[in-house]
Structures are given as structure tokens and as C-alpha cells.
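K.L.:
whatever this is, show me its structure:
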Amino acid sequence: MTTIIPRRADGALRLWLWLWLCVWAGPLVALDLPLPEGAAETVSRTDDGGRLALPTGPWRAEGGIPTEVIEGRVTRQAWQIPQSQRTPTQLLSPIRDALGEAGFETRLDCADRRCGGFDFRFAIDVLPAPGMYIDLSNYRFLSAVGPDGAGVTVLTSRTQAAGFVQILHVTPGVTGSEDNDGPTADATGNGPVVRNSVGQGDIATLEARGAIVLSGVDFGSGAASLGEGPFPMLDALVAYLAANPDRQILLVGHTDAVGSLAGNRALSQRRAAAVAEYLRGAGADAAQIASEGAGYLAPIASNLTEAGRRANRRVEAVLLPRE
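P.N.:
Numbers count the residues shown, from 1 in each chain. Alright, predicted model coming up:
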């Protein structure tokens, strides 16, 4: 199993990441992966029988990201460093050095635009906000493979007030029952940690076209409740807003054509407000979010069929310039 043991050394918090590099009773290798003093774990989850797509090159328009898939026990962890002035490079450098000393070979080492910018970020495995934040114009990424096939990715970024570090590790061949030594939800209690399944096209479409339908946000006829989730599209939107403080979105609720226009306008407003509440609760800046309701005035499908009515019950995000 993978264990994180915090320890203080020379005034800094150093994390001993114990990695099994053999299937059963093989040798146990200790990686001394340093994090700054005050680093607080926000997410910790271990999944047996998982897989990690290890990026081996930057994102390219003609082919996306080349990856090396490693199957086994996958551990996903993130930390926040409050009031840190360290740059993403300063957060990554000591971890890179520790991996090199342990015999890991680098597959990819890049920074934001050279990685592929937001296309890269939204195509890789990133834990959802608020456990992990990424500034799309200021992050560093590293992937490496150990001598016995273990894979590690390190992602660092920062906001104006804090630094963030994400470390994903896969031990090949290790299987068994799921073992969660840490919380299975993010540290703020906002739901289970899930892989960000939102494709790079969602955010790219928002930037290019100025509006998107928020996928995975479904409403029953007459209902305005979001349900339990998870909502990876909304989590990606939170991360996008955090990384782009100059952006503002208008959430527009829509309904099917069952009932009066006045009633549907009120219902659509409640739907948009429910999405806005989720975004704020997940850490988005309220000043970047507005909400309105359009009722049934802007259908995207026929209201004469159940499938069409279901498609029309939606919330869209419209990109606005920040005032």
C-alpha cells in the first residue's frame, strides 16, 4: 500500500512517500519528496486495479497528448500551501531532484504554455477544485517512471494566496481491495474525489464560442435541484475561473415548454441559481458569476418529444468580459 508519513527536517515539512515497487513481498523503496512547511493535504485517495495515463509529451493539435498507460494501484493526492510565495517551479524542483535520486527517469518536464496550456490541463488527470487549483498560465508538470515501472506525475501551480501540489502515483501489478487510508472525499466535504472526465473541448469551446451547455447537469420536469453529483463539468469550471480571474460567466437557466412562461422563467432562474451556488461552494469567486433565467424562449430541441424536452432543461455558461 502507499503511505504518506509527514516529518519535519531542517525547518521544512518532508513527506516520506512509501512506494511498493513489486507485486507482493518485493523491496520497499522510500522516496523523500519534500513539500514546504505548512503544506496541508486536501485530497488523498488510493484505488486498486486502476490505471494512470502518464503524459510523455506536450499537447499537440494534431494528436493530443502522447501517453504511457500503467495499470496497478493508483494513489492521488493534493496539498495546499497557504500564504506561500513559491512559484510552481520552486515547488516542483525539489520533488524532481528527489525522484532523480531515487532512480526515476523523466518522461516530460514542462511549463504551462510549453505543455499545451489549457488544452494540456484539461486532457490530463487533475483532482477537482477546491482540492486542487490550476492557473492555466502558471503551472509546472513532471512525469517520471521508476526503475521497476512505477509511474509518478507531479503538477504544481498557485493562486495569489496559496501554492498547490498534486502527486499521482501508480504501482504496477498491485491489486486487491480498495484501501483508503485518507479521506475518500476532498477535504472540504464537497463530494467524492473523481477523475476529471471533462474533455479539453469543453473549456476550449467556451473560449472559442463564448458559451457552452453544462454537461452532466440534468433536471427533471419542474425540478431545480442539482442532486448529489458528482459534477466534473462544474468542477472544471471552478478551476477555470480560479485560473482566469479576468473572466466572468453568466449562467442561463432554460426549461421545456410545459407550463406558463412566467412559471418557467422563475424555474429557469432557480436552476441557474443552483449551479451558481454549487460553484461558489466549491471555491469560485462570486464576483465572477451571475445568473439569469430564459424560461422556454431559447430551445435547442423540439418540445414535442420527451427527448427534446429533456435536452431543453439545461443551464448554459456564457462567457463575459470582467467589468
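K.L.:
so the residue lying farthest from the centre of the chain versus His169, what's the distance?
P.N.:
The C-alpha centroid of the chain is most remote from Ser260, which lies 39.2 Å away (CA atoms, centre = their mean). Using CB to CB, to the nearest Å, one gets 56 Å for the distance from Ser260 to His169. C-beta coordinates here come from the backbone N, C-alpha and C atoms, glycine included.
K.L.:
give me the neighbour count for the residue nearest to Arg86 when sequence neighbours are not counted.
P.N.:
Of all residues not flanking Arg86 in the chain, Gly163 sits nearest, at 5.4 Å (CB to CB, 6 or more residues apart in numbering). Using other CB atoms under 10 Å, Gly163 has 25 other residues around it.
K.L.:
cool, and Glu62?
P.N.:
Residues near Glu62, counting by other CB under 10 Å: 4.
K.L.:
which strand or helix spans it?
P.N.:
Using DSSP states H and E, Glu62 sits in no helix or strand.
K.L.:
any idea how far Asp119 is from it?
P.N.:
Separation of Glu62 from Asp119 (CB to CB) stands at 12 Å.
K.L.:
and Asp109, by the same measure?
P.N.:
In this view, Asp109 and Asp119 are 18 Å apart by CB to CB.
K.L.:
go on, Gly149?
P.N.:
In this view, Gly149 and Asp119 are 28 Å apart by CB to CB.
K.L.:
how about Ala53?
P.N.:
According to CB to CB, Ala53 and Asp119 sit 15 Å apart.
K.L.:
and Gly253, what does it touch?
P.N.:
By CB atoms under 8 Å, 6 or more residues apart in numbering, the contact set of Gly253 is 267-273, 275, 291-294, 314-315.
K.L.:
from those, pick the one nearest Asp97.
P.N.:
Of all those, Asp97 sits closest to Val275, with 42.9 Å by CB to CB.
K.L.:
please enumerate the strands of the stretch 151-300 of the chain.
P.N.:
151-158, 162-172, 211-213, 247-253, 289-293 (DSSP state E, counting those that start in this stretch).
K.L.:
now those as JSON lines including distance to Arg309 and mean pLDDT?
P.N.:
What follows is the strands of the stretch 151-300 of the chain, written out as JSON lines (distance: least, CB to CB, whole Å; pLDDT from 0 to 100):
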{"stretch": "strand 151-158", "distance to Arg309": "41", "mean pLDDT": "95"}
{"stretch": "strand 162-172", "distance to Arg309": "40", "mean pLDDT": "92"}
{"stretch": "strand 211-213", "distance to Arg309": "15", "mean pLDDT": "85"}
{"stretch": "strand 247-253", "distance to Arg309": "15", "mean pLDDT": "91"}
{"stretch": "strand 289-293", "distance to Arg309": "17", "mean pLDDT": "93"}
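K.L.:
Leu226: which of the ones you listed is closest?
P.N.:
Of all the strands of the stretch 151-300 of the chain, strand 247-253 comes closest under CB to CB, at 11.7 Å.
K.L.:
the closest one pairs with which strands?
P.N.:
strand 289-293 (parallel), strand 315-321 (antiparallel) (DSSP bridges).
K.L.:
surely Ala274 touches Gly229?
P.N.:
No: applying CB atoms under 8 Å as the test, Ala274 and Gly229 come out as separate, 11.7 Å apart.
K.L.:
and those two? which has more neighbours close in?
P.N.:
Ranked by neighbour count (other CB under 10 Å), Ala274 and Gly229 place Ala274 first, with 20 against 15.
K.L.:
tell me the contacts of that one?
P.N.:
Ala274 makes contacts with Ala224, Ser225, Leu226, as judged by CB under 8 Å, 6+ apart.
K.L.:
quick one: it from Val315, how far?
P.N.:
Using CB to CB, Ala274 is found at 8 Å from Val315.
K.L.:
again, but for Val252
P.N.:
Taking CB to CB as the measure, Val252 falls 7 Å from Val315.
K.L.:
find residues that contact each of those two.
P.N.:
With CB under 8 Å, 6+ apart, Val252 and Val315 have common neighbours Ala272.
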